[in-house]
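>>> predicted model, plus sequence, below.
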Amino acid sequence: MWPPSSCKRKDRKQKMTVQQTDARPTAEQLIAMSASLEGKTPQEILQWAAREYQPGLALACSFGGPSGMVLLDMMMGIDRKVEVFYLDTDFLFPETYRLRDVCAKAYGIQPAGYMSLLTPFQQEQKHGKALWERDPDLCCQIRKVEPNARALERKKAWISGLRRDQSATRKDIQIVEWDDKFNLLKINPLAAWTESQVWTYILDHSVPYNELHDHNYPSIGCTNCTKPVLPGDDARSGRWQGQDKVECGLHVPDGQTAGYNRLHEDGEGA
Ligand code: SF4
């Protein structure tokens with residue numbers, strides 16, 4: 001049944017507010033935290049995160065990428081009360097919803113789906129048809145970035161599947177960072193992992209993954225903006241085809257999405 005009761009679009013007048021509870025650590029504290037976790041396994045990092053920030057910890061899992069599935073599986077072995085959330089853009093693939101339901105049953109959880117404050121119809125009324133073709137950055141802001149901010153309200157820290165091997169811009173990411181965009185701590189337990197390690201974990205542990213990966217969709221987002229790729233093509237080449245866009249804006253500082261889209265490739269996550 002869709003949308004499930006866990007989807008959150010209750011108050012469409014609600015504005016994006018970025019206000020978390022904990023004070024920002026100093027740069028020195030962040031460096032020390034990351035240094036102490038460098039070389040630890042992702043499971044050890046997740047255990048630390050749950051110990052330090054739960055309640056108040058959120059795990060982002062798009063059900064569209066393998067890294068999120070690894071983190072979900074690991075976290076479910078540590079603390080099933082951590083909030084698992086995803087961004088329901090209203091344009092996700094049926095396979096993505098299916099995977100969400102499979103995981104909900106397998107792990108006994110109810111992932112929280114955060115939806116845009118505008119339905120697709122309202123978006124069309126306000127911004128015209130097929131906004132994703134004319135202004136995909138605005139569409140992502142409306143359907144991803146703003147809901148992500150709501151998902152992180154009153155949280156202390158969030159866990160993302162960013163990895164250093166995903167792009168040049170991510171090669172220096174730290175295990176623990178301050179997220180200026182959403183104003184809370186961001187933890188990247190897979191920072192030091194490779195794509196190969198992610199898939200090895202998935203296969204070794206029989207972790208469910210999006211079935212579209214088996215049909216030439218290495219990177220999965222919205223139906224409007226995701227196409228299959230040819231063997232040997234860049235994994236992200238199926239996203240926003242024909243557009244000068246590779247980044248949805250979740251992991252980019254405010255006001256810099258366009259610059260990133262011109263210069264850099266994005267990794268999994270949205
Ligand atoms: S990926 Fe495409 S359809 Fe989805 S929010 Fe971004 S621009 Fe809109």
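Nice, I can see it.
>>> can you tell me the SS state at residue 191?
coil (DSSP: H, G, I helix; E, B strand; the rest coil).
>>> pull the number of nearby residues for it.
For residue 191, the count of nearby residues is 26 (other Cβ atoms under 10 Å). In short, each C-beta sits where N, CA and C put it, glycine included.
>>> right, is the longest helix seen in the chain up against the ligand?
The residue-count maximum for a helix in the chain (DSSP state H) belongs to helix 94-107. No. Using Cβ under 6 Å from any ligand atom, helix 94-107 stays clear of the ligand, with a minimum separation of 11.8 Å.
>>> what's the following helix or strand past that helix packed up against?
Of the helices and strands lying after helix 94-107 in sequence (DSSP states H and E), the nearest is strand 112-115. Judged by 3 or more Cβ pairs under 8 Å, 6 or more residues apart in numbering; DSSP states H and E, the packing partners of strand 112-115 are strand 83-88, helix 146-151.
>>> how about the helices in the stretch 151-270 of the chain?
195-204, 257-263 (DSSP state H, counting those that start in this stretch).
>>> pull out the buried positions in the first one.
Within helix 195-204, the residues that qualify as buried by neighbour count (16 or more other Cβ atoms under 10 Å) are 195, 197-199, 201-202.
>>> any chance of TSV for these, columns distance to residue 232?
Shown next, in TSV, are the buried residues of helix 195-204 (distance: Cβ to Cβ, whole Å):
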residue	distance to residue 232
195	15
197	22
198	20
199	17
201	24
202	22
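>>> closest one to residue 188 out of those, please.
residue 198 (13.1 Å; Cβ to Cβ).
>>> give the contact list for residue 158.
Residues near residue 158 by Cβ atoms under 8 Å, 6 or more residues apart in numbering: 57-60, 152, 179, 182, 184-187.
>>> 6 Å instead?
Contact partners of residue 158, counting by Cβ atoms under 6 Å, 6 or more residues apart in numbering, are 58, 152, 186.
>>> now these as TSV including distance to the ligand, pLDDT and neighbour count?
Converted to TSV, the contacts of residue 158 look like this (distance: Cβ to the nearest ligand atom, whole Å; pLDDT from 0 to 100; neighbours: other Cβ atoms under 10 Å):
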residue	distance to the ligand	pLDDT	neighbour count
58	20	98	24
152	18	98	25
186	20	97	22
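>>> that older thread, where's the dip in pLDDT among the buried residues of helix 195-204?
Of all the buried residues of helix 195-204, residue 195 carries the smallest pLDDT score, 92.
>>> picking that back up, now the longest helix of the chain, how far from the centre of its chain.
16 Å (Cα atoms, centre = their mean, to the nearest Å).
>>> try stretch 39-54
Taking Cα atoms, centre = their mean, one finds stretch 39-54 lying 18 Å from the centre of the chain it belongs to.
>>> export the longest helix of the chain as PDB, just CAs?
The C-alpha trace of helix 94-107 is given here as PDB (Å, rounded to 0.1, in the frame of the first residue of the first chain):
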ATOM      1  CA  PRO A  94       8.600   0.400  -8.100                       C
ATOM      2  CA  GLU A  95      11.700  -1.700  -7.500                       C
ATOM      3  CA  THR A  96      12.900   0.900  -4.900                       C
ATOM      4  CA  TYR A  97       9.600   0.700  -3.000                       C
ATOM      5  CA  ARG A  98       9.700  -3.100  -3.200                       C
ATOM      6  CA  LEU A  99      13.200  -3.100  -1.700                       C
ATOM      7  CA  ARG A 100      12.000  -0.800   1.100                       C
ATOM      8  CA  ASP A 101       9.200  -3.200   1.800                       C
ATOM      9  CA  VAL A 102      11.500  -6.200   1.700                       C
ATOM     10  CA  CYS A 103      13.800  -4.500   4.200                       C
ATOM     11  CA  ALA A 104      11.000  -3.400   6.400                       C
ATOM     12  CA  LYS A 105       9.900  -7.000   6.800                       C
ATOM     13  CA  ALA A 106      13.400  -8.500   6.900                       C
ATOM     14  CA  TYR A 107      14.700  -6.200   9.700                       C
END
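>>> strand 83-88 and that helix, what's the angle between them?
Angular relation of helix 94-107 and strand 83-88 on a 0 to 180 degree scale: 170 degrees, by axes from the mean of the first three to the mean of the last three Cα atoms, to 10 degrees.
>>> what parts of the stretch 1-150 of the chain come near the ligand?
For the stretch 1-150 of the chain, the residues in contact with the ligand (Cβ under 6 Å from any ligand atom) are 89, 91, 132, 136, 139-140, 143-144.
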